[in-house]
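> only the shape, not the letters, is given here:
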């Protein structure tokens with residue numbers, strides 16, 4: 001997170017995201033480390049600290065994304081950008097299969113793979129949340145209808 005990120009901007013990003021990770025849709029309330037502000041295009045890559053370039057991300061998604069912008073598609077071998085919560089619609093790129101987040105597009109495939117959405121520990125965590133009625137939250141379900 002950039003040092004020029006004001007508390008007001010951080011709050012705006014969190015509220016806009018309904019306090020959900022905008023990548024895996026887990027609620028911040030269910031995460032030990034909470035969520036943090038992510039630069040969709042990192043400062044290192046020339047991204048600005050402005051609301052249109054900021055997303056809310058859980059610790060796991062943000063750490064796996066790092067400063068990367070995308071990855072090579074397993075199907076085509078071509079460079080494909082990551083899912084962008086500011087311009088992309090989640091259900092166009094992903095679908096839920098129980099606790100598994102399945103990719104629908106190449107953007108979904110590279111994002112899911114590189115952010116390790118379906119790592120066994122993350123799957124187990126989402127299963128526990130599902131059993132407790134915490135995944136998906138009402139706010140996350142609304143995002144699936146976008």
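That came in fine, so what should we check first? Remember, it's a predicted structure, so these values are computed and weren't measured experimentally.
> any low-confidence regions in the chain?
Scanning the chain for pLDDT under 70 picks out the ranges 1-3.
> again, only this time at 50
In the predicted model of the chain, residues 1-2 satisfy pLDDT under 50.
> tell me where it has strands.
Ranges of strands within the chain are 35-39, 54-58, 70-72, 79-81, 94-97, 100-103, based on DSSP state E.
> and among those strands, the most buried is which?
Ranked by average neighbour count under the criterion mean count of other CB atoms under 10 Å, the strands of the chain are headed by strand 54-58 at a mean of 26. In short, each C-beta sits where N, CA and C put it, glycine included.
> direction included, what does that strand pair up with?
The strands that strand 54-58 pairs with in its sheet are strand 35-39 (antiparallel) (by DSSP bridges).
> contacts for the strand it pairs with next, please.
Strand 35-39 is contacted by residues 1-2, 5, 9-10, 13-14, 17, 19-21, 28, 47, 49, 53-59, 61-62, 65 when judged by CB atoms under 8 Å, 6 or more residues apart in numbering.
> contacts only, for the residue nearest the centre of the chain.
Geometric centre of the chain, nearest residue: residue 23, 1.5 Å, by CA atoms, centre = their mean. Contacts for residue 23 (CB under 8 Å, 6+ apart) come out as 55, 57, 58, 61, 65, 83, 85, 111, 115, 117.
> same thing but 6 Å
Counting by CB atoms under 6 Å, 6 or more residues apart in numbering, residue 23 touches 57, 61, 115.
> just residue 103 next, same as before
Residue 103 neighbours (CB under 6 Å, 6+ apart): 109, 112.
> again, but for residue 70
79, 80, 81, 82, 110.
> how about the nearest residue to the third one, chain neighbours excluded?
The reference is to residue 81. Nearest residue to residue 81, sequence neighbours excluded (CB to CB, 6 or more residues apart in numbering): residue 70, at 4.0 Å.
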